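> starting from these lines, generate the structure:
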Amino acid sequence: MGNGAKAAQKRERNVAKAGGTAKSQNKTNQAALNIVCQTCKQAFLLTTRAPALEEHAQNKHSKTMAECFPTYGK
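Sure thing, here's the model as predicted:
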């Protein structure tokens, strides 16, 4: 038996042991997109900090953070 067959058998055992399918985080990631730019409607993760939002507002729209994200921090 070659190493390729051993690896395939190990993968099969691990899948059976783990319960079958991999779990996706897409639903969790979509729920975390709470901050939305009011100008372009781009969504940002809830954990995005003010400097990144300020950079977006300046670079994309030449506006202040308060104009693009009026509800941030409230």
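> let's see the helix or strand of the chain with the lowest mean pLDDT as CSV, backbone CA atoms only.
The weakest-scoring helix or strand in the chain, judged by mean pLDDT, DSSP states H and E, is helix 26-31 (a mean of 79). Provided in CSV are the C-alpha atoms of helix 26-31 (Å, rounded to 0.1, in the frame of the first residue of the first chain):
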residue,chain,number,x,y,z
ASN,A,26,-21.4,32.5,5.9
LYS,A,27,-24.5,33.1,8.0
THR,A,28,-22.5,34.3,11.0
ASN,A,29,-20.4,36.6,8.8
GLN,A,30,-23.5,38.2,7.2
ALA,A,31,-25.0,38.8,10.7
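> report all helices and strands that it contacts.
With contacts defined as 3 or more C-beta pairs under 8 Å, 6 or more residues apart in numbering; DSSP states H and E, helix 26-31 has no helix or strand neighbours. C-betas here are computed from N, CA, C, even on glycine.
> any idea how far apart the tips of stretch 53-73 sit?
For stretch 53-73, the first-to-last residue distance is 12 Å (C-alpha to C-alpha, to the nearest Å).
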